[in-house]
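*Asks:* kindly generate the corresponding structure for this input.
(2 chains)
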Protein chains: 2
Amino acid sequence: MATLKNAFYAQSGGVTAVINASACGVIETARRHGDRIGKVYAGRNGILGALAEDLIDTSKETDAAIAALRHTPAGAFGSCRYKLKGLEQNRAEFERLVEVFRAHDIGYFLYNGGGDSADTCHKVSQLSEKLGYPIQSVHIPKTVDNDLPITDNCPGFGSVAKYVAVSTREASFDVRSMARTSTRVFVIEVMGRHAGWIAAAGGLASDLTGDIPVLILFPEIEFDQARFLARVKENVERQEFCTVVVSEGAKWPAGKFLSEQGTRDAFGHAQLGGAAPVVANLIKEGLGYKFHWAVADYLQRAARHIASKTDVEQSYAVGQAAVEKALQGKSAIMVTIVRTSDEPYRWEIGEAPLAEVANVEKMMPRDFITGDGFGITPACRRYLAPLIQGEDYPPYRDGMPCYVQLRNEAVPKKLPPWLKTK
Amino acid sequence: MATLKNAFYAQSGGVTAVINASACGVIETARRHGDRIGKVYAGRNGILGALAEDLIDTSKETDAAIAALRHTPAGAFGSCRYKLKGLEQNRAEFERLVEVFRAHDIGYFLYNGGGDSADTCHKVSQLSEKLGYPIQSVHIPKTVDNDLPITDNCPGFGSVAKYVAVSTREASFDVRSMARTSTRVFVIEVMGRHAGWIAAAGGLASDLTGDIPVLILFPEIEFDQARFLARVKENVERQEFCTVVVSEGAKWPAGKFLSEQGTRDAFGHAQLGGAAPVVANLIKEGLGYKFHWAVADYLQRAARHIASKTDVEQSYAVGQAAVEKALQGKSAIMVTIVRTSDEPYRWEIGEAPLAEVANVEKMMPRDFITGDGFGITPACRRYLAPLIQGEDYPPYRDGMPCYVQLRNEAVPKKLPPWLKTK
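*Replies:* Sure, this is the predicted structure:
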């Protein structure tokens, strides 16, 4: 039975409405290949679970529970924000991983995350060469930010894009109703730390007739207060109201975030939130319009109830493909989504070397943003439109969605506790 | 044809995800009674449309367009925040209404709104007696705040309650996934200026097993910072994370809103927004936990995509009943929803005299709030649960909901322009 290796699967970074669909794809596919893969062990809270030898035995979960992951948002095994340092800077961490993998006969490392996680996955793929432990490391892309390179789009993004497009359209109908005597401007803040992909999705709230005047503040475009206020005024004078979609990553000319709060997360990224009230107040002070503002925050990336069917299918498919590619002997790759046609939309699964993925951020192409910097171009619409296609409603009971909670039984530990170094 | 009077219909105050379902009920029912009701004229931007003689001829809309109102959020004819003063304070306004009603042969006044609007509707019902113009005035209840008296619940509330319950549950799954290394506390701010009904719906995010630790800050309960922080700490220590639902109407002991921004709307109400960041910062400062916060604002009341089926059915039914009751010769009433059974949930249409409705706010009963002031009781769950039952998805095309935009053709004016007095 030497060839029957176990697989380690973990979720990393910010979770999404559909990352569990990838977990579902991994586990269901592994179960279909029981002749070649032993058990799937999930890391409790991502890679920390591997370091702490805190593994979840997914074989204890019923087929029905695993199937329900497909319609359950967030990270069923817990995620973490924790980036492995380089082998040279922290050799002990890598040696510990090898120790845990060896103790539990793990031959496949399937890591589900964004750019930082691709970097971790890449480092793990080097364990074979550098520490002599044979492991196949495959990255499963996930990020609402849609900023991974090479892949056409990132699982998780389509659903947040759909949420933002639908919510912005709905709220715009609301403010339009109220504009004569009350609210003139509605400002919604959305995620996207460095890239404006999510903000761009707000542009889909308006159809091509321009029924809804939407102005978008992208991280890619330096904020020009005077030009912005002039455009708000023009929209309100022409259509009585205006909707503003502001990215949490929008910046003042000096480079400071509109929303800067002064706190930082574990990766050293500035923790954001609060661009919407800043923009709303600029409008109030500059133009005197009554405003309302919303900050969608976690609501947008957790909103499994309005997930994109395309996104759910792709999220499942990348999980499935990760197992299949590992079984084909591949390693040090990220599974990708390859678009073969815009209309009708067609896509297939591909792969990219992790060396080309790790620590590279894909920004919005400049030709996806209109010349004035406040809107999306037809090319951007062509790109975005297929990603929000289709609905994939979870089942409901008593008016609430039936999201699964797994048993998450721990695998018995075989090693002494790990005392985290440094 | 002296008996074939026209009807005036208008939407008032903050709009909802389902107020157009009431409009649909009114217009479809009136069309079925073409032998007794002439045309339905809608006020463009509520009662302002009547004062300005800016009437919309709904007979120009196709049956399909009117049917689509049932699944379209916000106010299809425009709403307004405008409260008529008393007859004694502003007789000219009432005389103008009579002039417009007479010019357009309007015999039915159907007004769709909340507490302030019920007051307006009540005043209009007195025109027969006080100004000798025969009109039947029926109020169609609508308010996300659920604060109208007598009726068991208010159309519009069930859908916002469903949105808040579902979104809070989804975001709680998210923060639970992240809690080990990142966000510990998620704070969501919801509407409800004076009554905590919407905030209470956040309690439905947790099932009876207490899987999700939810603390609610109600407007009805004076905010006690020390006790609140102690409860947050207790939850985080026991379950790693905590979700907080804060009403925009939550108040400091001195009576000032947590969120006070200093601006007021046309009714003189303080304009709110921003309790969530205040609460999040208290937690950060007092306990040091990493937080995320969201302000749902218009998103919650516009979210037709996750409307409650019960709410849609009741919203349609109160519109339908308003026409039927008017045809029965009734006036000066509000249509109500009467609950006849909790489980199985049963309801029927009733009515209440407007004199007993206008300017009365229904607060949460104290026995709907737990003794500690931070949760909902089983009695509250029994009340809320049926109101979020069922899904009623709009149709979608290309990934976006198909919301209707009416033609909204104006009725030709017959009067000289009205120069608004005082």
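
*Asks:* excluding covalently adjacent residues, which one is nearest to the residue located most distally from the centre of chain A?
*Replies:* Outermost residue of chain A with respect to the C-alpha centroid, by Cα atoms, centre = their mean, is A:Thr181; its distance is 39.2 Å. Distances taken as Cβ to Cβ, 6 or more residues apart in numbering or on different chains place B:Cys80 nearest to A:Thr181, at 4.3 Å, with adjacent residues excluded. Where C-beta positions appear, they are placed from N, C-alpha and C, glycine not excepted.

*Asks:* dump the residue contacts of that neighbour.
*Replies:* Residues near B:Cys80 by Cβ atoms under 8 Å, 6 or more residues apart in numbering or on different chains: A:178, A:180-182, B:12-13, B:45-48.

*Asks:* any chance of those in TSV, plus secondary structure and distance to A:Gln89?
*Replies:* As requested, the contacts of B:Cys80 are exported to TSV (DSSP: H, G, I helix; E, B strand; the rest coil; distance: Cβ to Cβ, whole Å):
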residue	secondary structure	distance to A:Gln89
A:Met178	helix	56
A:Arg180	coil	62
A:Thr181	coil	62
A:Ser182	coil	57
B:Ser12	coil	65
B:Gly13	coil	61
B:Asn45	coil	64
B:Gly46	coil	65
B:Ile47	helix	69
B:Leu48	helix	68
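
*Asks:* where does chain A have low pLDDT?
*Replies:* Where chain A drops to pLDDT under 70, the residues are A:1-3, A:261-273, A:421-422.

*Asks:* mind checking which residue lies nearest the centre of it?
*Replies:* Geometric middle of chain A (Cα atoms, centre = their mean) lands on A:Thr143, at 2.0 Å.

*Asks:* what count of nearby residues applies to the residue lying closest to that one once chain neighbours are set aside?
*Replies:* Leaving out its chain neighbours, the residue that sits closest to A:Thr143 by Cβ to Cβ, 6+ apart is A:Gly114, at 3.5 Å. Neighbour count for A:Gly114, taken as other Cβ atoms under 10 Å in any protein chain shown: 23.

*Asks:* residues touching A:Gly114, list them.
*Replies:* By Cβ under 8 Å, 6+ apart, the residues touching A:Gly114 are A:12-14, A:141-143, A:145, A:147-148, A:154.

*Asks:* dump stretch A:335-342 to PDB, restricted to CA.
*Replies:* Output in PDB follows, covering the C-alpha atoms of stretch A:335-342 (Å, rounded to 0.1, in the frame of the first residue of the first chain):
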ATOM      1  CA  VAL A 335      -5.100  25.100 -11.600                       C
ATOM      2  CA  THR A 336      -6.400  27.800 -13.900                       C
ATOM      3  CA  ILE A 337      -9.500  28.800 -15.700                       C
ATOM      4  CA  VAL A 338      -9.000  29.300 -19.400                       C
ATOM      5  CA  ARG A 339     -11.600  31.300 -21.400                       C
ATOM      6  CA  THR A 340     -12.000  30.100 -24.900                       C
ATOM      7  CA  SER A 341     -15.000  32.200 -25.900                       C
ATOM      8  CA  ASP A 342     -16.800  35.300 -24.700                       C
END
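
*Asks:* anything in it near chain B?
*Replies:* No - judged by Cβ under 8 Å from any Cβ of the partner chain, stretch A:335-342 stays clear of chain B, getting no closer than 12.7 Å.

*Asks:* now do the buried residues in that stretch.
*Replies:* A:335-337, A:339 (16 or more other Cβ atoms under 10 Å in any protein chain shown).

*Asks:* how about stretch A:25-34?
*Replies:* So for stretch A:25-34, counting by 16+ other Cβ under 10 Å, buried means A:25-31.

*Asks:* one more: stretch A:115-126?
*Replies:* A:115-126.

*Asks:* for chain B, what are the nearby residues on the stretch 1-150 of chain A?
*Replies:* Looking at chain B, the residues of the stretch 1-150 of chain A close enough under Cβ under 8 Å from any Cβ are A:11, A:14-15, A:17, A:45, A:48, A:72-76, A:78-82.

*Asks:* if we go to 7 Å?
*Replies:* Listed as neighbours of chain B in the stretch 1-150 of chain A under the rule Cβ under 7 Å from any Cβ of the partner chain: A:15, A:45, A:48, A:73-75, A:78-82.

*Asks:* cool, and the stretch 151-300 of chain A?
*Replies:* So far as Cβ under 7 Å from any Cβ goes, the stretch 151-300 of chain A lies against chain B at A:162, A:165-167, A:169-171, A:173-178, A:180-182, A:186, A:204, A:211, A:265-266, A:273-274, A:277, A:292-299.
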